[in-house]
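Undergrad: here are the coordinates; sequence isn't available:
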C-alpha cells in the first residue's frame, strides 16, 4: 500500500529544491494539483505547503499566473547580529542563542555576538547601545533582537534600538515580544510564545485543581509578554464565572514579605501565577516565611521552565517555551525579510506546554 507523504516532508523537499536551485529564481512551481497527484495527497495539503513558503518569502502566488520562486541565491555569506540581552538572566535566551548558532551552520550564515548578557539588568542597559553601534558600523545583514526589560527606561531604549536599525536599513526580527504594549504594534516581524494562550492554560490548570481565587504576581518593569499572559488569565476567569480584579494583580518585590502579605489567601482555594520562575522561587520562600504552606494552603506556578524549577523545595509547575522553534522561525523570517524588505510584518505565536509538578497539586 502506498504511503502518503506528510505536509512537513513535502514542505522540506520543495524548500530544498528552491534553495539548491532546482527551482531557480523566477521559475514557476508545479501547480497545486500537479504536486498533489505527485505525492498522493490532497490539494489543500499542497496549498498549505505553498502558503508557508510564501509566508517565509520564498515564493509568490499570483492569480492567473501561478506560483513564482522569489528566492535569490547569493554567493555572499550573510552576517547577523545577535542582540539578546536576556541571555544573562534567563536560560530561554541562552537556548535561543545556541539554536541560532546551530542554524548558522545549517543555513551558512555568520553570527556576531556582542555581549550585553550580564546578569545585572542595568549593566545590560549600558552595553546595549554600544552593541547596536557595532552592528551598524559593521553593516550586518540583519539583527535578532529580544527587547530589554527589568529597567525603568527599557521601553525607550528598545524603541531607540529599533529606530536606529530601521534608519540604517538593517532588517530586524523581534524575539519574545514586541517593543510596544498591546494593542499597539510595531512594524517589525515578531516571533514569540503564544502568551495569551499560555495565560489561559495556566489559569485553567489551577481552576481544574480546585482554585477559585487566583492571583497574578510580577516584578516592576516586566516585559510586555507578561501583559498578554495576564489578559489570558482574565479571559479564563471570566469564562469560568470567577472573580478576578485589579486587587488580584500584584506588581512588586517577591522578597518583600509585607507586600506579599497583602495577597488574600483562601486556604485550599488559592492559586498564584507568577510571571516567571525566578519570581515564583523567591515568592514561595516568602510565603513559607509568612506561614503559608505550598500545596496545602495554596498552589503556585510560573513560566519558562528553568532547570532549577524542578529542584526547588516544592518542584515548580512551569510553562515551557518552544525556544528552539522560536530560533528556527526567526531565521526563516529573517531570510524572508532579506528577500523582500517590503514584506508585510508578521507575528508568529508559537505553542508551548505546561510541565506539571508538585507546586500546583493540593496534597491530601
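TA: Structure received. This one's a predicted model, so the numbers in the text were calculated from it and none came from an experiment.
Undergrad: contacts, neighbours, all on C-alpha from now
TA: Noted.
Undergrad: what comes into contact with stretch 95-113?
TA: 77-84, 87, 323-324, 326-328, 331 (C-alpha atoms under 8 Å, 6 or more residues apart in numbering).
Undergrad: may I see the buried residues of it?
TA: 95, 96, 97, 99, 100, 101, 103, 104, 110, 111, 112, 113 (16 or more other C-alpha atoms under 10 Å).
Undergrad: for these, give me JSON lines that also has pLDDT, distance to residue 216 and secondary structure.
TA: Listed next are the buried residues of stretch 95-113 as JSON lines, based on pLDDT from 0 to 100; distance: C-alpha to C-alpha, whole Å; DSSP: H, G, I helix; E, B strand; the rest coil:
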{"residue": "95", "pLDDT": "90", "distance to residue 216": "26", "secondary structure": "helix"}
{"residue": "96", "pLDDT": "92", "distance to residue 216": "26", "secondary structure": "helix"}
{"residue": "97", "pLDDT": "89", "distance to residue 216": "29", "secondary structure": "helix"}
{"residue": "99", "pLDDT": "93", "distance to residue 216": "31", "secondary structure": "helix"}
{"residue": "100", "pLDDT": "92", "distance to residue 216": "32", "secondary structure": "helix"}
{"residue": "101", "pLDDT": "90", "distance to residue 216": "35", "secondary structure": "helix"}
{"residue": "103", "pLDDT": "91", "distance to residue 216": "36", "secondary structure": "helix"}
{"residue": "104", "pLDDT": "89", "distance to residue 216": "38", "secondary structure": "helix"}
{"residue": "110", "pLDDT": "92", "distance to residue 216": "41", "secondary structure": "strand"}
{"residue": "111", "pLDDT": "91", "distance to residue 216": "38", "secondary structure": "strand"}
{"residue": "112", "pLDDT": "88", "distance to residue 216": "38", "secondary structure": "strand"}
{"residue": "113", "pLDDT": "79", "distance to residue 216": "35", "secondary structure": "strand"}
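Undergrad: distance to residue 22 added to these, as TSV?
TA: Shown next, in TSV, are the buried residues of stretch 95-113 (distance: C-alpha to C-alpha, whole Å):
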residue	distance to residue 22
95	34
96	31
97	32
99	28
100	26
101	27
103	22
104	22
110	25
111	28
112	31
113	34
